[in-house]
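[1] Predicted model follows, preceded by the sequence.
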Amino acid sequence: MIGSSTGGKASPSLPFSTTNFPGNLATRIDGNEINSINNGNASANAMTSITKDDPDWKSKLNIPEKDHRARTSDVTNTSGHDFEDYCLKRELLMGIYEKGWEKPSPIQEHSIPIALTGRDVLARAKNGTGKTGAYTIPIVERIDPNKNAIQAVILVPTRELALQTSSICMELSKHIHLRVMVMTGGTSLREDISRLQEIVHIVIATPGRLLDLVKKDLAKIDACRVIVLDEADKLLSQDFNHLLDDVIFHLPQDRQIMLYSATFPLTVDDFIKKHMRNPYEINLMEELTLKGIESVCFAKLSILM
Ligand SMILES: Nc1ncnc2c1ncn2[C@@H]1O[C@H](COP(=O)(O)OP(=O)(O)OP(=O)(O)O)[C@@H](O)[C@H]1O
């Protein structure tokens with residue numbers, strides 16, 4: 001095992017402060033309400049004052065108050081990229097800036113440009129360093145809102161993480177007509193089935209519920225070309241491991257797989273070898289700084305440790 005798990009999502013000691021997270025819907029509304037949100041409405045209202053070619057669009061954004069609290073080097077030690085460097089849609093940039101994110105964090109700098117190319121990604125970074133943005137930004141960029149199909153699946157180990165992730169995803173895409181669905185165990189299956197009759201572009205799910213709906217042929221993921229495993233170490237633990245092979249089996253051959261985690265224990269190796277193709281590796285953990293070293297396989301590192 002390369003390192004030990006640092007536990008779940010955001011906590012007060014994490015590199016980015018999280019306490020004033022402006023739109024933390026996950027703490028205010030439950031999954032069913034999230035499921036029914038239509039980002040399109042927010043978009044229609046907000047877009048009336050900013051036209052597509054408006055050169056002053058940035059100055060008209062509704063930017064939250066700046067957070068002046070101290071941040072650790074995990075998030076400040078960047079190469080100086082701007083979100084605009086990645087040629088993202090104007091509407092997505094608006095969502096990013098209105099979330100209060102001025103510049104990409106290191107994991108976002110490493111991940112976004114590669115993920116945008118469709119290549120598989122294997123990323124290791126501490127909790128709270130912006131991993132969610134590192135994969136949701138390229139996913140939102142590549143979704144076609146006019147196509148009525150599940151185009152991306154984000155798998156997480158718990159319902160709480162699914163809700164947190166969906167709230168970030170919806171905030172970032174609030175100016176785009178995207179439909180995000182949370183699909184987790186412990187909720188009404190019937191409501192999920194009825195929600196699936198409507199348009200869904202992005203599914204954020206725990207593996208068991210997703211697989212259940214896929215096997216019943218209610219959730220169709222045969223056109224889904226991107227899958228993310230967030231907290232991949234937990235998803236590929238013995239509890240879930242067997243489910244993941246099954247989920248991947250239902251995806252098209254031509255798909256992108258991205259793994260994000262603070263740790264990559266040996267249990268992840270099998271999955272990487274079996275399903276991933278020449279993944280681009282990112283490792284931002286201090287004890288394994290790989291700056292300037294290319295193609296170092298996590299598997300080899302784990303043997304050395
Ligand atoms: N580029 C950015 N600029 C400023 N704040 C950011 C940026 N990216 C993410 N954040 C904020 O940092 C906090 C932590 O981000 P996030 O939850 O994505 O981290 P994470 O690495 O996914 O953590 P975990 O592994 O615990 O899920 C959130 O409040 C998020 O809004």
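    That came through fine.

[2] I'd say residue 235 and residue 154 touch.
    No - between residue 235 and residue 154 there is no contact under CB atoms under 8 Å: 10.9 Å. For the C-beta atoms, the positions are set from N, CA and C on the backbone; glycine is no exception.

[3] any chance you could map the strands in the protein?
    121-124, 152-155, 180-183, 202-205, 226-230, 256-261, 280-283 (DSSP state E).

[4] Can you tell me which helices and strands the helix ranked longest in the chain packs against?
    For the chain, the helix with the greatest residue count under DSSP state H is helix 159-172. If contacts are counted by 3 or more CB pairs under 8 Å, 6 or more residues apart in numbering; DSSP states H and E, helix 159-172 sits against helix 31-36, helix 90-98, helix 131-142, strand 180-183, strand 202-205.

[5] Could you say which one of the ones you listed comes nearest to the ligand?
    helix 131-142 (3.2 Å; CB to the nearest ligand atom).

[6] ok, residue 222 - how many residues close by?
    Here the number of neighbours of residue 222 (other CB atoms under 10 Å) works out to 10.

[7] Pull out the buried positions in the longest helix of the chain.
    159, 161-172 (16 or more other CB atoms under 10 Å).

[8] Could you tell me the average pLDDT over it, please?
    For helix 159-172, mean pLDDT rounds to 97.

[9] tell me which residues in stretch 237-244 are buried?
    Buried residues in stretch 237-244, counted by 16+ other CB under 10 Å: 240, 243-244.

[10] From one end of that stretch to the other, what's the distance?
    10 Å (CA to CA, to the nearest Å).

[11] relative orientation of the longest helix of the chain and helix 131-142 in degrees?
    50 degrees (axes from the mean of the first three to the mean of the last three CA atoms, to 10 degrees).

[12] got the residues of the stretch 101-250 of the chain near the ligand?
    Selection of the stretch 101-250 of the chain residues close to the ligand by CB under 6 Å from any ligand atom yields 101, 104-105, 108, 127-133.

[13] how about JSON lines for the strands of the chain, with mean pLDDT and mean neighbour count added?
    Rendered in JSON lines, the data for the strands of the chain read as follows (pLDDT from 0 to 100; neighbours: other CB atoms under 10 Å):
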{"stretch": "strand 121-124", "mean pLDDT": "96", "mean neighbour count": "24"}
{"stretch": "strand 152-155", "mean pLDDT": "98", "mean neighbour count": "26"}
{"stretch": "strand 180-183", "mean pLDDT": "98", "mean neighbour count": "26"}
{"stretch": "strand 202-205", "mean pLDDT": "98", "mean neighbour count": "27"}
{"stretch": "strand 226-230", "mean pLDDT": "98", "mean neighbour count": "25"}
{"stretch": "strand 256-261", "mean pLDDT": "97", "mean neighbour count": "24"}
{"stretch": "strand 280-283", "mean pLDDT": "96", "mean neighbour count": "20"}
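
[14] For my notes, please list those strands in CSV and give distance to residue 58 for each entry.
    Listed next are the strands of the chain as CSV, based on distance: least, CB to CB, whole Å:
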stretch, distance to residue 58
strand 121-124, 29
strand 152-155, 27
strand 180-183, 25
strand 202-205, 26
strand 226-230, 28
strand 256-261, 29
strand 280-283, 29
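
[15] Sweet, I'm off.
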